[in-house]
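*Asks:* Okay, predicted coordinates and the sequence, questions at the end:
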Amino acid sequence: MNNIAYSIGCLTLEWQNEILKNIINILKSKEEYEYSEALKILGIVAWRYEKFILKMPNKICILICEKLYISLEHKINAEKIYFIDRYNNDAKKLKSSVLVRLELLLSLLRYRNRTKDFLVPSEPLTKDYISIIDIITSKVMKLNIHLNSRIQLDIQKSEAFNKIPDLLYALRVYLTANNGAANSIKVLGVSDD
């Protein structure tokens with residue numbers, strides 16, 4: 001999966017665009033288990049190539065958003081959100097499949113720079129995302145799940161929000177369009193996969 005994501009690169013070559021077209025076609029499937037891998041690949045590509053999301057047509061970004069929500073909801077409802085670290089039975093970690101989807105969502109929010117009506121707080125899908133982020137945050141906090149995101153963020157949070165993992169806090173802030181808090185968030189970079 002990672003090799004496919006890495007091969008897409010900056011979409012400068014025809015064969016890279018063909019791979020992306022195939023991934024988008026898989027994303028159009030009605031079955032979550034079929035497009036699940038496509039979401040993971042897009043989640044990796046979206047942070048390896050900064051302008052990836054901004055190059056996507058609006059209808060593709062909407063498709064990704066819709067499928068991403070369904071997939072996250074499926075993971076939450078199936079209780080497939082975390083696993084026990086095999087090296088430390090007490091350490092619970094957020095599954096990489098959920099984590100990469102959350103990272104993809106954060107990347108998709110950059111599309112607002114291109115169109116101001118994308119994932120705005122008044123949209124039903126945005127409200128659904130806010131709800132699912134709240135559910136994930138609640139589970140992460142309640143079960144003391146470790147969240148090890150590749151996205152390195154610099155966030156100035158008030159003490160009331162200090163225990164909330166940075167990625168979940170950033171998603172909530174951006175989805176609700178809390179501009180005051182959003183201005184205190186900086187993406188420092190992405191660690192190696």
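*Replies:* Sure, I can see it. Predicted model, so just to flag it, every value in this text is computed and none were measured.
*Asks:* Output the contacting helices and strands for the helix or strand bottoming out on mean pLDDT in the chain.
*Replies:* For the chain, counting by mean pLDDT, DSSP states H and E, helix 179-182 ranks last in confidence among helices and strands (a mean of 72). Here helix 179-182 touches helix 166-175, going by 3 or more CB pairs under 8 Å, 6 or more residues apart in numbering; DSSP states H and E. For every residue, glycine as well, the C-beta is placed using N, CA and C.
*Asks:* C-alpha coordinates for the helix it packs on, PDB please?
*Replies:* C-alpha atoms of helix 166-175 as PDB (Å, rounded to 0.1, in the frame of the first residue of the first chain):
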ATOM      1  CA  ASP A 166      -3.300  17.600  19.100                       C
ATOM      2  CA  LEU A 167      -4.700  16.000  15.900                       C
ATOM      3  CA  LEU A 168      -8.200  15.600  17.300                       C
ATOM      4  CA  TYR A 169      -8.100  19.100  18.800                       C
ATOM      5  CA  ALA A 170      -7.000  20.500  15.400                       C
ATOM      6  CA  LEU A 171      -9.700  18.600  13.500                       C
ATOM      7  CA  ARG A 172     -12.400  19.900  15.900                       C
ATOM      8  CA  VAL A 173     -11.200  23.500  15.700                       C
ATOM      9  CA  TYR A 174     -11.000  23.500  11.900                       C
ATOM     10  CA  LEU A 175     -14.300  21.700  11.400                       C
END
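*Asks:* Show me what counts as buried in the least confident helix or strand of the chain.
*Replies:* By 16 or more other CB atoms under 10 Å, the buried positions in helix 179-182 come out as residue 181.
*Asks:* Show me where the chain has its strands.
*Replies:* Shown for the chain, the strands assigned by DSSP state E span residues 82-84, 92-94, 145-146, 151-155, 185-190.
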